[in-house]
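>>> Prediction below, plus the sequence it came from.
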Amino acid sequence: MREQVEIGRGRSAHRSYTFDDLDIVPSRRTRSSSAVSTAWQLDAYRFDLPLLTHPTDAVVSPSTAVRVGELGGLGVLNAEGLWARHAEPEKALAEVAQRAAEDPAGALGDLQRLHASPVRTDLLTEALERVRGAGVTLAARVSPQHAREFTPTLLSAGVEILVVQGTIISAEHVGDDEGEEPLDLEDFIESLDVPVVAGGVGDYRTAMHLMRTGAAGVIVGYGQAASTSTDAVLGIGVPMATALVDAAAARRDYLDETGGRYVHVIADGGMATSGDMAKAIACGADAVMLGEQLAGADEAPGGGWYWTSAAAHPNLPRSAVVPVPQHGTDLAAVLRGPAPRADGTVNLFGALRRAMAKTGYSDLKEFQRVGLSVRR
């Protein structure tokens, strides 16, 4: 039972932990990093790296989705982003970057204006076919509000993994009094022949509910990074270490409940360095969803700036346009090295492999059992 802390007369709260509160504990054994595997498999799709990209235009274009796939991860294109709305998205992104250098608040307004243009199925299909034609696994993200509308186009274009992602998601979205039809994820997922990854969630109960919808993976978190402001705007947030441990507990209980159906837990947010990534796996994640960490790569479409899809919300943005340090390296170095410096922002998965080796674990599932200590 998680520790309860009294915060005032008659009211208590759960004590929760961030990655900064934890350390990984070495075991009695070490092994060579060449004897360690970071391979991960979602449904029928195998990846050398336990990586999905956060579906933001600042990081994922068709070309970067292909490159991430070639490097062993899964690039997730935002099906409601600029590549689906504008014939010249690179030009639009360059305008956002130029405005951000002069007026970050103005850049946010530019994103809202650019996203006011409707999604064009021809542009969306063209972007997806560029990824599919390269021979890597094709994945795309839709919001829960537009999942029914855009999914037929995505499936026709050959999408192999569908990501249904909102800031906060539930198993059933309740409509309004004006007749909005709610999205029942269980019915929606059951109607599809492709695996669905859904999120974000931050607690045991919601994670369990999403697992029961038939989702192949559950995203924990909402992409918390320097750019996000969900906690400031909505007051909602759960420290990632605790959120992941709770979701992993839901995965274990659901595995028992179903007699063997395994649902993957994917960490999205709260990870500034490769050490945080290792802690995410140690807390129970099967894979990580990275955005800000990749935005400093040479190929990143954001041109040195980062934001999440929540930045373009027409009424209540929950992400700013923020500068990210430029690595001076390409995606290959960011993901696989070599690292030119020692701050945990380059060679992310080489560092994960080394953390696993230094604690004696040979694969990701084993590493989820590594010991943890609390700093406070």
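Alright, I've got the coordinates. Keep in mind that this is a model prediction, so the values were computed, not measured. Residues are numbered from 1 along each chain as shown.

>>> ranges for the helices of the stretch 251-376 of the chain?
Using DSSP state H, counting those that start in this stretch, the helices of the stretch 251-376 of the chain run over 274-282, 331-336, 348-358, 364-367.

>>> The stretch 1-150 of the chain now?
Counting by DSSP H, counting those that start in this stretch, the helices of the stretch 1-150 of the chain are 62-70, 89-102, 104-115, 121-132, 147-156.

>>> so which of these gets nearest Gly199?
helix 147-156 (13.0 Å; Cβ to Cβ). Using the backbone N, CA and C atoms, a C-beta is placed for each residue, glycine as well.

>>> Quick check: the gap between Val68 and Val131.
According to Cβ to Cβ, to the nearest Å, Val68 stands 10 Å off from Val131.

>>> Touching both of those two, which residues are there?
Gly75 (Cβ atoms under 8 Å, 6 or more residues apart in numbering).

>>> These two: who's more crowded?
Val68 (30 against 27; other Cβ atoms under 10 Å).

>>> For the more buried one, which non-adjacent residue is spatially closest?
Gly75 (3.9 Å; Cβ to Cβ, 6 or more residues apart in numbering).

>>> Leu82 is in contact with Pro89, correct?
Yes - counting by Cβ atoms under 8 Å, Leu82 is a contact partner of Pro89 at 4.1 Å.

>>> Can you check which residues contact both of these two?
Asp57.

>>> Tell me how far Asp193 lies from Glu126.
According to Cβ to Cβ, Asp193 stands 23 Å off from Glu126.

>>> Between the two, tell me which one has more neighbours.
Using other Cβ under 10 Å as the criterion, Asp193 and Glu126 rank with Glu126 on top: 15 against 5.

>>> Might you report the residue contacts of that one?
Glu126 makes contact with no residue under the criterion Cβ under 8 Å, 6+ apart.

>>> Please apply the same query to Met289.
Under the contact definition (Cβ under 8 Å, 6+ apart), the residues listed for Met289 are 51-54, 76, 219, 221, 223, 266-269.

>>> Report the separation between it and Asn315.
Plainly put, Met289 is 25 Å away from Asn315 if you go by Cβ to Cβ.

>>> With Ala285 instead?
Applying Cβ to Cβ, one obtains 32 Å for the distance of Ala285 from Asn315.

>>> Could you tell me the model confidence score at the residue nearest to the spatial centre of the chain?
To find the centre residue of the chain, average its C-alpha atoms and take the closest one (Cα atoms, centre = their mean): that gives Met289, at 3.1 Å. Listed pLDDT for Met289 reads 97.

>>> What pLDDT does the model give the nearest residue to it once chain neighbours are set aside?
Of all residues not flanking Met289 in the chain, Asp268 sits nearest, at 3.9 Å (Cβ to Cβ, 6+ apart). The score at Asp268 is 96. That number is its pLDDT.

>>> got the contact list for Asp268?
With contact taken as Cβ under 8 Å, 6+ apart, Asp268 is in contact with 54, 199-200, 219-224, 288-289.

>>> and if you look at Val263?
With the criterion set at Cβ under 8 Å, 6+ apart, Val263 makes contact with 211, 215-218, 251, 254-255.

>>> any idea which of those is closest to Pro26?
Ranking those by separation from Pro26, with Cβ to Cβ as the measure, puts Arg251 on top at 25.7 Å.

>>> what about the closest one, neighbour count?
22.

>>> hang on, it packs against Val265?
Yes - applying Cβ under 8 Å as the test, Arg251 and Val265 come out as touching, 5.6 Å apart.

>>> which residues do the two both contact?
Joint contacts of Arg251 and Val265 (Cβ under 8 Å, 6+ apart) are 207, 218, 284.

>>> Which ones among those residues map onto strands?
For the shared contacts of Arg251 and Val265, membership in strands holds for Val218, with DSSP state E as the criterion.

>>> contacting residues around Arg29?
With Cβ under 8 Å, 6+ apart as the criterion, the residues that contact Arg29 are Gly360.

>>> Tell me the predicted confidence for it.
Reading off the model, Arg29 has pLDDT 88.

>>> what helices or strands is the least confident helix or strand in the chain by mean pLDDT leaning on?
The helix or strand of the chain with the lowest confidence, counting by mean pLDDT, DSSP states H and E, is helix 230-234 at a mean of 76. In terms of contacts (3 or more Cβ pairs under 8 Å, 6 or more residues apart in numbering; DSSP states H and E), helix 230-234 is packed against strand 217-224.

>>> now the angle from the strand it packs on to helix 274-282?
Direction vectors for strand 217-224 and helix 274-282, defined by axes from the mean of the first three to the mean of the last three Cα atoms, to 10 degrees, enclose an angle of 150 degrees.

>>> what comes up buried for strand 217-224?
Applying a neighbour-count criterion of 16 or more other Cβ atoms under 10 Å, one finds 217-224 buried in strand 217-224.

>>> Mind putting the contacts of Val263 into TSV with distance to Thr345?
Putting the contacts of Val263 into TSV (distance: Cβ to Cβ, whole Å) gives the following:
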residue	distance to Thr345
Met211	33
Ala215	31
Ala216	30
Gly217	26
Val218	27
Arg251	29
Tyr254	35
Leu255	35
